[in-house]
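Student: Give me coordinates for this.
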Amino acid sequence: MNTYYKTNSHYLANPFDHLYQNNDVEISNRPEIKEIYSLGIDLEDKIEGDFDLDSLTFQVRYNQLAFVHTGLIAAQIKFKKLYKKTHNNFDHYSREMLGVSYWQIDDTIKATDVVMELIANGFDVLPQNVNQAEKLAHIRGSERVKMWQGIIDTYEPYEITGRTIEEYIAKQEERILPKATQTYNVEMTDELYCFIWSLGHYIFGINWVTEFLSSLLETSKKLVNSLTLEAVHRFSKLWPEVRSILVELWPNEEGDQLKAMDSLIEQFQTVDPNSTSFRYAKDLKGENSLPKIGSRVNLRNLAEVVGAMSTILDGSATAISVYQENEDEMQSDCW
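Tutor: Have a look, this model is predicted:
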């Protein structure tokens, strides 16, 4: 059995302790990793009198907005199709060159759009990460500016988190957020820790299935003019629309995978129709979210099923994205 070290959650480890602990290990040759490692050595070698607090404070504040730098650069790469020099589509470029999926970069670009609009409207208090900025991405123009003004009028900068932003917006839009899961005092054994970690890891995959479904619909809007589906997370509404798109685009493909998806999604629909049951222990009525699932979950089987569904949907979303990019490029060439 593996041994897991337990640490005090309030203990703050010193990151500089790792600089010289493995002399036999060769540091990666990737330029960005070497630069980070060199920065660590440079800072560690300095003594107290070598530091300029004002300069260090500026660097911390500047780097807190590093995601905006990434978003601006990524937007140029995507919108000007600079990735075409090495890859056929942006998704392949993102995976192979950046080590992330295209929707992760898209999220960063959306967050960057929010921050740049706030900067253009004179704000000096800004979202500090992608999660915070993304909460405002669905709001446009003057309403976004008004909403952010209300947030910074309500909270001190250090109080602003993704959750507080979400709660404030929900209140203004008169929406009800799901209640946070009730907490209990339990003894955290190694076995319980491993189980919770594994369950969270695999259940997270289920939520991604819903995101893939939404992604397919989003990237297919230009291909299917009849698609008028509101942004929902119900499998029963999403999957029939997605399925019809896939059949229309690839009518000659084998239908075994789609039939398998029909069966799997029907099972998930029975247990978690709104993609919320696995995330919240109680529903809005205070009742158990998963009364039908029983007391045991086969995590290995769950992981395999979710992985297979994700592969099919991710591949379809990528193919649609490539198709759409080619269509847009052909129209651009014609113009």
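
Student: Residue 243: what's it in contact with?
Tutor: Residue 243 makes contact with 258, 261-262 under the criterion C-beta atoms under 8 Å, 6 or more residues apart in numbering. For glycine as for every other residue, the C-beta is placed from the backbone atoms N, C-alpha and C.

Student: If I look at it, what pLDDT would I see?
Tutor: As predicted, residue 243 sits at a pLDDT of 80.

Student: What is the three-state secondary structure of it?
Tutor: For residue 243, the secondary structure call by DSSP: H, G, I helix; E, B strand; the rest coil comes out as helix.

Student: Mind listing residues that contact the helix or strand that contains residue 114?
Tutor: Residue 114 is located in helix 102-120, with elements delineated by DSSP states H and E. Helix 102-120 is contacted from outside by 65, 67-68, 70-72, 74-75, 78, 90-91, 94-95, 98, 126-127, 129-130, 132-134, 136-137, 144-145, 148, 211, 215, 318, 321, using C-beta under 8 Å, 6+ apart.

Student: need the strands for the stretch 201-335 of the chain, in chain order.
Tutor: Along the stretch 201-335 of the chain, no stretch is classed among the strands by DSSP state E, counting those that start in this stretch.

Student: where do the helices sit along it?
Tutor: With DSSP state H, counting those that start in this stretch, the ranges of helices along the stretch 201-335 of the chain come out as 235-249, 256-271, 299-334.

Student: buried set for the shortest one?
Tutor: Meaning helix 235-249. 235, 238-239, 241-243, 245-246 (16 or more other C-beta atoms under 10 Å).

Student: Weed out the non-buried ones from the contacts of helix 102-120.
Tutor: 65, 67-68, 70-71, 74-75, 78, 90-91, 94, 126-127, 130, 132-134, 136-137, 144-145, 148, 211, 215, 318, 321.

Student: Show me the shaky parts of this protein.
Tutor: Within the chain, the stretches with pLDDT under 70 are 1-10, 175-235, 253-254, 275-276, 278-281, 290-297, 322-335.

Student: So it: which segments form each domain?
Tutor: Structurally, the chain divides into domains by automatic domain parsing as follows: 21-172, 190-334.

Student: Can you tell me which of those is nearest to residue 13?
Tutor: For these, proximity to residue 13 was assessed by C-beta to C-beta; domain 21-172 is nearest, at 12.1 Å.

Student: In terms of secondary structure, what does whichever helix or strand comes after the helix holding residue 114 contact?
Tutor: Downstream of helix 102-120, the next assigned helix or strand under DSSP H and E is helix 130-134. Identification of packing neighbours for helix 130-134 by 3 or more C-beta pairs under 8 Å, 6 or more residues apart in numbering; DSSP states H and E yields helix 102-120, helix 162-172.

Student: Adding distance to residue 25 and mean neighbour count as columns, could you present the ones you listed in TSV?
Tutor: Formatted as TSV, the helices and strands packed on helix 130-134 follow (distance: least, C-beta to C-beta, whole Å; neighbours: other C-beta atoms under 10 Å):
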stretch	distance to residue 25	mean neighbour count
helix 102-120	29	19
helix 162-172	36	16
